[in-house]
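Visitor: have a look at this fold, sequence not included:
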């Protein structure tokens, strides 16, 4: 499949249908306690939330796709997944799935025509003949993604341009379970603009966290402002925010706002600050204060840091443009330290899970007196990752299994657990 060629949307929809028919668990949805958390579990691992599309589907020629290609596929796939998440109809058989996809494409066209009229496409020819809905949806998605095109190779410039697609998906989720009239239509348009403007404020506040505006921060801000849909007056105000800074209390996000939106802006601020290699004390204090203002607790803060760092570590090899600005060793060490802290705070749960796995216990005991084979190490690694995933705070967190090799996991799993297993008769 080549997403650069016309007809890619129909090909991908056919692929999704065949995947559903052969394996209804192919999406690997990470179920949260709430729809918002499930939304996060679906979207965060793909990278579209961070403006870095990294999701893969197993196509042979996927390595040849451009970033634009990948973004188009991920945007379409995310819209389908979110429509399914909020669907009132249980999607179990292929018939209901096909109906969901067909209906979703119609809603996608309606949504973008209403909220982004600048990229709308006529649904009928000048002779009044109805156009192919697949072609209309394909052209609209291409136009939307093209609005976020970024010629600057700087990682954060791409992040702040592409990350606005996350807001598309969020508002689309609301759109799918409402019947927009003129009043609601104006609400959604206003919400889009206000959330975009809030993004500007979060960037400005995070950039001033250490009282120093770096050249890269100024460059990304100017790029971001020039590539978003805001009135001239709001762009003028945004530049003032950036030049003079602003307090957390001036960022219009409240504890009562949706969990997923608060999570998005916290991680937007986190990634902004993480871009400067190491989080300084003043920047950490800013993030902690921002986290508290959003109504999150200390564990929530650590989970967001783990989410951002874990995403970077998992996809380090494919994010070439972060290597000059970020220190892999610093990011990995901070990640391991946070994982050690989290595992120790849940040691009883981890210990119970470990002792319940008799195969794992047997291999650990054997390793105390013998050299473990590579197969043994792989088994320990896969089972330790599964045990860590049982921590409630990790319900929708994807652990970077590429980074979590055997050696790193031995650092993270509390040594007392291993000692207890070895000492058992």
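Guide: The structure has been received and is ready for your questions. Since this is a predicted model, take the numbers as computed values, not measurements. Residues are numbered from 1 along each chain as shown.
Visitor: can you give me the pLDDT of the residue nearest the centre of the chain?
Guide: Nearest residue to the geometric centre of the chain (CA atoms, centre = their mean): residue 44, 2.1 Å. Residue 44 is assigned 91 on the pLDDT scale.
Visitor: show me what contacts it?
Guide: 307, 311, 396, 398 (CB atoms under 8 Å, 6 or more residues apart in numbering). No exception for glycine: its C-beta is placed from N, CA and C like everyone else's.
Visitor: which strand or helix spans residue 3?
Guide: Here residue 3, judged by DSSP states H and E, is contained in no helix and no strand.
Visitor: that one: what's its closest spatial neighbour, skipping adjacent residues?
Guide: residue 69 (3.7 Å; CB to CB, 6 or more residues apart in numbering).
Visitor: separation between the one you found and residue 146?
Guide: Residue 69 sits 12 Å away from residue 146 when distances are taken as CB to CB, to the nearest Å.
Visitor: which residues are common contacts for those two?
Guide: Common contacts of residue 69 and residue 146, defined by CB under 8 Å, 6+ apart, are absent altogether.
Visitor: the two: who's more crowded?
Guide: The residue with more neighbours, out of residue 69 and residue 146, is residue 69; 19 against 12, by other CB atoms under 10 Å.
Visitor: helix, strand, or coil at the more buried one?
Guide: helix (DSSP: H, G, I helix; E, B strand; the rest coil).
Visitor: in this structure, which helix has the most residues?
Guide: helix 182-207 (DSSP state H).
Visitor: which of the residues in it are buried?
Guide: The neighbour-count check on helix 182-207 (16 or more other CB atoms under 10 Å) flags 188, 192, 195-207 as buried.
Visitor: with stretch 66-81 instead?
Guide: 67-81.
Visitor: and these, which is closest to residue 255?
Guide: The nearest member of the buried residues of stretch 66-81 to residue 255, counting by CB to CB, is residue 78 at 26.5 Å.
Visitor: isn't that closest one right next to residue 48, touching?
Guide: Yes - at 5.9 Å, residue 78 counts as touching residue 48 under the criterion of CB atoms under 8 Å.
Visitor: overlap in contacts, the two.
Guide: residue 169.
Visitor: could you count how many residues lie near the closest residue to residue 45 other than its chain neighbours?
Guide: Of all residues not flanking residue 45 in the chain, residue 398 sits nearest, at 4.5 Å (CB to CB, 6+ apart). Using other CB under 10 Å, residue 398 has 17 neighbouring residues.
Visitor: pLDDT at residue 398, what is it?
Guide: 86.
Visitor: who's in contact with it?
Guide: Taking CB under 8 Å, 6+ apart, we find residue 398 in contact with 30, 41, 44-45, 310-311, 314.
Visitor: take those and write them to TSV, including secondary structure and distance to residue 86.
Guide: As requested, those are exported to TSV (DSSP: H, G, I helix; E, B strand; the rest coil; distance: CB to CB, whole Å):
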residue	secondary structure	distance to residue 86
30	coil	16
41	helix	14
44	helix	17
45	helix	19
310	helix	27
311	helix	24
314	helix	27
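Visitor: can you list the residues you listed in CSV and add distance to residue 11?
Guide: Formatted as CSV, those follow (distance: CB to CB, whole Å):
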residue, distance to residue 11
30, 27
41, 27
44, 26
45, 23
310, 32
311, 28
314, 27
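Visitor: nearest to residue 5 among these?
Guide: When the contacts of residue 398 are compared for distance to residue 5 (CB to CB), residue 45 wins out at 27.0 Å.
Visitor: I'd like the distance between residue 14 and residue 7.
Guide: From residue 14 to residue 7 the distance is 10 Å (CB to CB).
Visitor: cool, residue 271 as well?
Guide: Separation of residue 271 from residue 7 (CB to CB) stands at 35 Å.
Visitor: more neighbours, those two?
Guide: Shown here are residue 271 and residue 7; by other CB under 10 Å, residue 271 has more neighbours (25 against 14).
Visitor: which helices and strands does the host helix or strand of the more buried one pack with?
Guide: Using DSSP H and E, residue 271 sits in helix 259-274. Secondary-structure packing of helix 259-274 (3 or more CB pairs under 8 Å, 6 or more residues apart in numbering; DSSP states H and E): helix 35-43, helix 155-162, helix 164-176, helix 182-207, helix 281-293, helix 298-314.
Visitor: nearest to residue 140, out of those?
Guide: Closest to residue 140 of those, according to CB to CB: helix 164-176, at 11.2 Å.
Visitor: for the closest one, packing partners?
Guide: Of the remaining helices and strands, those touching helix 164-176 by 3+ CB pairs under 8 Å, 6+ apart are helix 35-43, helix 67-85, helix 94-115, helix 133-146, helix 182-207, helix 259-274.
Visitor: for residue 378, which of those helices is the nearest?
Guide: Here helix 35-43 is closest among those (CB to CB), at 25.8 Å.
Visitor: could you count how many residues lie near residue 273?
Guide: 21.
Visitor: you'd agree it is up against residue 288?
Guide: No - here residue 273 does not reach residue 288: they are 11.5 Å apart, not a contact under CB under 8 Å.
Visitor: sorry, back to before: name the SS class of the residue nearest to residue 45, please.
Guide: Assigned by three-state DSSP, the conformation of residue 398 is coil.
Visitor: quick one: it from residue 405, how far?
Guide: Using CB to CB, one gets 16 Å for the distance from residue 398 to residue 405.
Visitor: how about residue 265?
Guide: 33 Å.
Visitor: cool, residue 348 as well?
Guide: According to CB to CB, residue 348 and residue 405 sit 26 Å apart.
Visitor: now do residue 260
Guide: Residue 260 is 32 Å from residue 405, where distance means CB to CB.
Visitor: more crowded one of the two?
Guide: Using other CB under 10 Å, the more surrounded residue of residue 260 and residue 405 is residue 260, with 22 against 12.
Visitor: which one is that one nearest to, not counting chain neighbours?
Guide: Among residues not flanking residue 260 along the chain, residue 36 sits closest, at 4.2 Å (CB to CB, 6+ apart).
Visitor: can you pull the pLDDT of the one you found?
Guide: For residue 36, pLDDT reads 92.
Visitor: correct me, but residue 172 touches residue 79?
Guide: Yes - between residue 172 and residue 79 there is a contact at 5.8 Å, judged by CB under 8 Å.
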